[in-house]
Structures are given as C-alpha cells and as structure tokens.
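[1] Structure, please.
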Amino acid sequence: MTRRAALVVLGALTLGLGVFLSGQDDRMRDAGGPGIVPFELAFDRERAQEIKADWDSEGQDAARTSLVVDYAFLLAYGAFLVLAALATRDLASRREWSRMTRAGAVAVPAAIAAPAFDAIENAWLLLTLETRSGDLAPLAGAIFACLKFGALALVVAYLLAGLALRVMSSRPADA
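    Predicted coordinates:
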C-alpha cells in the first residue's frame, strides 16, 4: 500500500471514529453534563465528581464508551498524523525548504507523542470514572490531555504550513 493510499484509509477511519465519538459527546450533553473535553481537563477530583454527577449513569456510560473507543481513534489519527508529517517533511526536503525540513524533526516525534499521551490520558480518565479514583487520576489525566493537545497543535500547525507552502509554490510567479 502506498503512503497516499494509507493516508486515505486512515483519514476515512479517523473521520468515521470521530463521528461515532461525537455521538458519545452528544449523549453526555443530553444526560445533562458537558462533553468529554471538560472532563479531560477537570484537573481535580472535585471538578471530576461534579461532571460525573451532572452526567448521571447515562452520561458516564457514554464517557466510558468514548474513552474505550478513543483507543482505536488514537491509533487511526496517530498513524495518519505520522504519515502526513513524514510526507510533509519529505516534500520539504525534496523542494529544499530547509526550515520545514528542520521543523519536521520536531513534528514527526510530536505526531508519535500525541496519541501516546492520549492513551495514557484515557487510562487515567477511566480510573477517574471509578468512584474511588483519588486525587491523582483526574490530575494525571488533565496533564496528559494538555500534553496531547500541545503535541496535536504543533503537528497540525506544521501540516498546515506545509500545505500552504505547497499551494503557494504551485502558483505561477507574478511577472
């Protein structure tokens, strides 16, 4: 399978899983609480307990489903981002965009790190859903969520910059 074909398959899988996870977020909100992101960023047991109370059992079931399915999602988006960052770095190297090539040395590891942080975050958040999770679980979940979001922001910025350079370099030069 070519890298391009893999990107298409992984993109479709990421999109499909993302739609499913969005439905779980809707279930959490329908149960009376926020979606999963505020729970990811609860930081302390008290805030996590408030969210869990707002969700009641229906919202907590949706959160649990979301966190478990997110393991498949993070594998799909993680592989997609790694391949996309590698493709961008390789294109930058071929076109001698030295800054983008150097930035790829940071973006590719960030694309690997983001889903790893997400997996660790999910483990802590699943513990947070349990009634006796203590103070550490929501704090650790939030720290790994922040690390994930930071890594994702870096990779997405790199990919968008690469896309912009590609579009700009394909335009005819003004005379």
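[2] Show me where the chain has its helices.
    Along the chain, the stretches classed as helices by DSSP state H are 3-30, 36-40, 45-94, 98-129, 136-170.
[3] Next, format those as JSON lines and append mean neighbour count and mean pLDDT.
    For glycine as for every other residue, the C-beta is placed from the backbone atoms N, C-alpha and C. Listed next are the helices of the chain as JSON lines, based on neighbours: other CB atoms under 10 Å; pLDDT from 0 to 100:
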{"stretch": "helix 3-30", "mean neighbour count": "15", "mean pLDDT": "97"}
{"stretch": "helix 36-40", "mean neighbour count": "20", "mean pLDDT": "97"}
{"stretch": "helix 45-94", "mean neighbour count": "18", "mean pLDDT": "97"}
{"stretch": "helix 98-129", "mean neighbour count": "19", "mean pLDDT": "97"}
{"stretch": "helix 136-170", "mean neighbour count": "17", "mean pLDDT": "96"}
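[4] Surely residue 78 touches residue 110?
    No - judged on CB atoms under 8 Å, residue 78 makes no contact with residue 110 at a distance of 10.9 Å.
[5] I'd like the distance between the nearest residue to residue 114 once chain neighbours are set aside and residue 109.
    Nearest non-adjacent residue to residue 114, counting by CB to CB, 6 or more residues apart in numbering: residue 151, 3.8 Å away. From residue 151 across to residue 109, the span is 9 Å (CB to CB, to the nearest Å).
[6] Please apply the same query to residue 14.
    20 Å.
[7] repeat for residue 11
    Taken as CB to CB, the span from residue 11 to residue 109 is 21 Å.
[8] cool, residue 95 as well?
    Taken as CB to CB, the span from residue 95 to residue 109 is 22 Å.
[9] Spit out the contact partners of residue 18.
    In this structure, residue 18 makes contact with residue 73, judged by CB atoms under 8 Å, 6 or more residues apart in numbering.
[10] For it, give its distance to residue 69.
    Taking CB to CB, one finds residue 18 at 10 Å from residue 69.
[11] now residue 94
    From residue 94 across to residue 69, the span is 37 Å (CB to CB).
[12] go on, residue 111?
    From residue 111 to residue 69 the distance is 21 Å (CB to CB).
[13] Give me the phi and psi angles of residue 2.
    phi -80, psi 160 (degrees, to the nearest 10).
[14] about what we covered before: settle this for me: the residue nearest to residue 114 is touching residue 107, isn't it.
    No - Residue 151 is beyond contact range of residue 107, at 9.4 Å (criterion: CB under 8 Å).
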